[in-house]
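[1] this one's structure only:
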């Protein structure tokens, strides 16, 4: 029995590392942790985040102006995915996009990657209440990428490892957000969107 279990774990490990090697070939031998020409969408979103930070500094009350538009709550939530709430928010979002986005882009089709990022950011912002938290909800899009990454680990590796990774991420953010329930609701919603889109069979 133990020998069979060991072989099962070895099979999972071989599948996981085979997938990693395939992804490495896609990036031309470069480290998957480094953005490159093989991750144009990730680099494009990072550029949008930088531009959004500059725009937010020049127009600090943009969310109030956009909120006055028809359907303004929706537009504030959508734009918040690329307009961080200051330098610290940019660093947080940019760092996790650097780490996760580069990998997730290599795991899924371009359209799916975009739906994961912007869909998760939109849903997360709406759940968190963009009118209350404002553009600080922009970093919630990153949790959609985290959900998609966890889904990938569960498929090609070990589901228990994926669950452990998700729980660690949750604990870290519980501490960083000071147990802000609105933000945590948005984070959970974004994470679920990432998992759901990653599971789509199309």
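    Yep, that arrived. Just so you know, these numbers come straight off a predicted model, no measurement behind them.

[2] next secondary structure after the helix or strand bottoming out on mean pLDDT in the chain?
    Ranked by mean pLDDT, DSSP states H and E, the helix or strand of the chain with the weakest confidence is helix 130-133, at a mean of 48. Past helix 130-133, heading to the C-terminal end, the next element that is a helix or strand (DSSP states H and E) is helix 141-156.

[3] list the buried residues for that following helix?
    By neighbour count with 16 or more other CB atoms under 10 Å, helix 141-156 contains the buried residues 141-154, 156. Yep, even glycine has a C-beta here, placed from its N, CA and C like the rest.

[4] now the two most distant members of the residues you listed.
    Checked with CB to CB, the buried residues of helix 141-156 reach their widest spread between 141 and 156, with 23.7 Å between them.

[5] that older thread, quick one: least confident of the buried residues of helix 141-156?
    Minimum pLDDT across these is recorded for residue 156, with 77.

[6] let me see the ranges of the helices in this structure.
    Remark: helices assigned in the chain by DSSP state H are 2-26, 40-58, 62-67, 72-79, 87-96, 102-107, 110-114, 120-128, 130-133, 141-156, 159-176, 181-199.

[7] least reliable of those helices going by mean pLDDT?
    Of all the helices of the chain, helix 130-133 has the smallest average pLDDT, which comes to a mean of 48.

[8] do you know how far residue 128 is from residue 93?
    With the distance defined as CB to CB, to the nearest Å, residue 128 ends up 15 Å from residue 93.

[9] ditto for residue 185
    Distance of residue 185 to residue 93, given as CB to CB: 19 Å.

[10] more neighbours, the two?
    In this view residue 185 and residue 93 are compared by other CB atoms under 10 Å, and residue 93 has more residues nearby, 26 against 16.

[11] which non-adjacent residue is nearest the more buried one?
    If the residues on either side of it in the chain are set aside, residue 93 comes closest to residue 139, at 4.4 Å by CB to CB, 6 or more residues apart in numbering.
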